[in-house]
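Enquirer: pasting the structure only:
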């Protein structure tokens, strides 16, 4: 454990808790996001614990692979821009993203006992979009095969989340993706305002190449 980064420790904990909850519905019920129980019983821990359980192995793998791909980078960036405060700042980004991304669902469904959600998508979106601010022209792969510049991916991701949220045709909490991403951008700018200049300069250089 001593050789693992904070991001890798979070991934390990999430994998272990998620796998345990796959077969233990009582445990899952105590951890997932249920706005009604938070509102009526003040079970506020669910804002955090819901990010450590997942619907299935595919859901878990996608989130943890994305977190592994970009989380170590952001943890390293925070360690460099604020030595000694890196771990706290990374937790503020990731855990804060999980909490903030659940708030819209909480206010929308706080009187609906049957509404549940789970997964680290909000926190993962926060980390991903924070990373995009620092490296907007790096290539990301849609469906793992289609390379696109990160800044273009961010625009497509935002449009898709808004579109699917309005349609409400699946069981995915697209609001969590959207608000997690927005939180990641805002908190990173607050922590390190110079990132706006870094982002702008890289995008302008990239555009000049056309």
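Expert: On my side now, so go ahead. This one's a predicted model, so the numbers in the text were calculated from it and none came from an experiment.

Enquirer: And residue 128, how far from residue 189?
Expert: 15 Å (Cβ to Cβ, to the nearest Å). Backbone N, C-alpha and C define where each C-beta goes, glycine included.

Enquirer: Same question for residue 157.
Expert: Residue 157 is 18 Å from residue 189, by Cβ to Cβ.

Enquirer: the more surrounded of the two?
Expert: The neighbour comparison of residue 157 against residue 189 (other Cβ atoms under 10 Å) goes to residue 157, with 20 against 15.

Enquirer: Just the element for the more buried one, please.
Expert: helix 150-167 (DSSP states H and E).

Enquirer: what do you get for residue 115?
Expert: Counting by DSSP H and E, residue 115 is found in no helix or strand.

Enquirer: What residues of stretch 5-19 count as buried?
Expert: By 16 or more other Cβ atoms under 10 Å, the buried positions in stretch 5-19 come out as 5, 6, 7, 8, 10, 11, 14, 15, 17, 18.

Enquirer: For it, which outside residues touch it?
Expert: Stretch 5-19 has contacts (Cβ atoms under 8 Å, 6 or more residues apart in numbering) with 1, 4, 31, 51-54, 60, 63-64, 67-68, 71-72, 74-75, 87, 90-91, 94, 120.

Enquirer: if you go through the chain in chain order, where are the strands?
Expert: 139-142, 146-149 (DSSP state E).

Enquirer: Where among these is average confidence lowest?
Expert: In terms of average pLDDT, strand 139-142 trails the rest of these, at a mean of 68.

Enquirer: Tell me who's in contact with residue 78.
Expert: Taking Cβ under 8 Å, 6+ apart, one finds 85, 86, 87, 89, 90, 93, 191 in contact with residue 78.

Enquirer: and if we set it to 10 Å?
Expert: 6, 85-93, 130, 188, 191-192 (Cβ atoms under 10 Å, 6 or more residues apart in numbering).

Enquirer: Also residue 28?
Expert: Residue 28 makes contact with 17, 18, 20, 21, 22, 53, 54, 55, 116, 118 under the criterion Cβ under 10 Å, 6+ apart.

Enquirer: State whether the fifth one and residue 53 are indeed in contact, as I suppose.
Expert: Going back to what we said before, that points to residue 22. Yes: using Cβ atoms under 10 Å, residue 22 is in contact with residue 53, at 8.7 Å.

Enquirer: more neighbours, the two?
Expert: The residue with more neighbours, out of residue 22 and residue 53, is residue 53; 25 against 16, by other Cβ under 10 Å.

Enquirer: mind checking how far that one is from residue 103?
Expert: 18 Å.

Enquirer: cool, residue 189 as well?
Expert: Residue 189 is 19 Å from residue 103, by Cβ to Cβ.

Enquirer: quick one: least confident helix or strand in this structure?
Expert: strand 139-142 (a mean of 68; mean pLDDT, DSSP states H and E).

Enquirer: Hmm, residue 59 is touching residue 66, no?
Expert: No: here residue 59 lies out of contact with residue 66, judged by Cβ under 10 Å, at a distance of 11.5 Å.
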